[in-house]
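Asker: generate a structure from the sequence data that follows.
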Amino acid sequence: MGSPTQQVDALILGQGLAGTLLSFRMLQAGIDHVVVDRGHKRASSNVAAGIVNPVTGRRFVKAWKINELIQGLAIYEDLERLLHVKLINQITVYRDLSEVSALNQWDMRRNDKTYSAYMGKPRTDLQLPVRAPERVGPTLEAAQVNLRELISNYRSFLREKGYLIEADINIDEVTQQGGRLRVGGFAARRIIDCTGAAAMFSNTWSKLPWRGTKGEAFRFSLKDMPRDLALKVKHFICPIGEGDEVWLGATNEDYFELDTPSLAGEERLREQAAAFEIAVPRHVEHLAAVRPTVKDRRPLVGQHPTISRLWLCNGLGTKGTSLGPYCTANLLQAMQLKKTIDPEIDIANRFSV
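Answerer: The predicted structure is shown next:
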């Protein structure tokens with residue numbers, strides 16, 4: 001591995017959630033590939049809670065393509081079997097219905113047949129070790145995926161199999177020679193950029209309508225927190241990982257100078273913890289990352305308009321856990337079977353002139 005002229009069928013840049021899922025799909029399809037990743041600790045996939053929430057927003061809107069996305073979560077069960085680690089947990093997300101307007105909106109949605117599978121009857125008897133609203137609405141068919149454990153364990157798997165190169169490769173240095181794409185000592189029939197926020201700052205993808213947002217969160221131990229539910233009151237608190245760990249977050253900033261944890265972010269998170277009546281440890285694990293996304297909140301998947309066989313799988317944003325399986329399946333089918341990518345995520349018509 002790592003010779004100056006290593007020949008591979010596919011080169012995946014980045015081993016965040018998108019790169020991990022795409023690599024696993026290629027493994028299943030028998031595609032020769034290598035993953036190049038430097039192990040960026042503040043990658044959004046390492047920071048996120050991994051929540052799949054079918055009904056979102058203040059107006060309780062059903063998430064885009066949620067029926068299809070939930071079916072796609074089976075890939076995490078396949079990865080559990082490969083890695084011998086617990087990854088996916090079925091949970092119920094409880095939303096704040098303390099205001100009459102929220103309660104009325106919830107009941108209106110719940111009585112819609114297209115929403116009924118995902119919304120339960122309002123409850124006033126929820127017992128938690130944190131302060132919760134008197135009335136909450138349960139979002140059904142939700143899930144939480146332990147992304148940190150997924151990425152860490154899959155990284156070990158790649159390293160053991162010789163499929164991982166721990167290095168930096170600049171997507172802007174890709175050249176086309178002899179019918180192959182060449183970069184960083186590799187000659188590949190196709191390259192897939194899954195580098196997350198890094199892609200926003202490249203020249204290669206600079207004409208896409210990027211809109212990165214920064215999120216910050218806490219991760220800490222909280223005894224007696226049920227492992228089968230999450231509570232959303234402005235911010236989420238939900239179980240994560242194993243044992244008694246929970247995740248509190250996330251903040252959302254469209255304008256920021258640094259991608260590191262900030263004092264302002266810590267203050268907002270501690271205010272939310274106080275509202276939940278939680279005693280957060282003084283030396284809490286404070287997380288921060290930039291989520292690559294765009295204005296319409298749709299992922300960015302497809303082939304570069306001028307560099308043949310250079311692909312992008314990015315822009316998963318805050319819903320990456322549910323969008324990742326769908327986007328990587330679309331991408332692989334387009335590369336292998338020449339199927340059309342879902343027009344709503346295809347980058348073909350989204351480049352600026």
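
Asker: show me what counts as buried in the worst-scoring helix or strand of the chain on mean pLDDT.
Answerer: In the chain, no helix or strand scores lower on mean pLDDT, DSSP states H and E than helix 44-47, which sits at a mean of 85. Using 16 or more other C-beta atoms under 10 Å as the test for burial, helix 44-47 gives 44, 45, 46, 47. Quick note: C-beta positions are derived from backbone N, CA and C, even for glycine.

Asker: and for stretch 260-271?
Answerer: 261, 262, 265, 266, 268, 269.

Asker: just stretch 182-196 next, same as before
Answerer: Buried positions in stretch 182-196, judged by neighbour count with 16+ other C-beta under 10 Å: 182-184, 186-196.

Asker: ok, residue 33 to residue 173 distance?
Answerer: As judged by C-beta to C-beta, to the nearest Å, residue 33 and residue 173 stand 19 Å apart.

Asker: neighbour-wise, which of the two wins?
Answerer: With neighbours defined as other C-beta atoms under 10 Å, residue 33 and residue 173 compare such that residue 33 has more, 21 against 10.

Asker: just give the closest residue to residue 68, not the sequence neighbours.
Answerer: In space, and not counting its chain neighbours, residue 68 is closest to residue 326: 6.3 Å by C-beta to C-beta, 6 or more residues apart in numbering.

Asker: leaving out sequence neighbours, find the closest residue to residue 37.
Answerer: Using C-beta to C-beta, 6+ apart and skipping residues adjacent in sequence, the residue nearest residue 37 is residue 15, 3.7 Å away.

Asker: and that neighbour, what does it touch?
Answerer: Residues counted as contacts of residue 15 (C-beta atoms under 8 Å, 6 or more residues apart in numbering) are 23, 35, 37, 39, 151, 154, 155, 158, 164, 194.

Asker: I'd like to know how far it sits from residue 291.
Answerer: Distance of residue 15 to residue 291, computed by C-beta to C-beta: 17 Å.

Asker: any low-confidence regions in the chain?
Answerer: By pLDDT under 70, the low-scoring segments of the chain are 1-4, 42, 353.

Asker: for it, identify the residue most remote from the centre.
Answerer: residue 178 (35.7 Å; C-alpha atoms, centre = their mean).

Asker: what about residue 84, how many residues nearby?
Answerer: 7.

Asker: can you check residue 67 too?
Answerer: 13.

Asker: doesn't it belong to a helix?
Answerer: Yes. The assignment for residue 67 is a helix, going by DSSP: H, G, I helix; E, B strand; the rest coil.

Asker: part of a helix, is residue 156?
Answerer: Yes. Counting by three-state DSSP, one finds residue 156 located in a helix.

Asker: check the secondary structure at residue 188 for me.
Answerer: Classified using three-state DSSP, residue 188 is strand.

Asker: quick check: it touching residue 5?
Answerer: No. If you go by C-beta atoms under 8 Å, residue 188 and residue 5 don't touch, sitting 11.3 Å apart.
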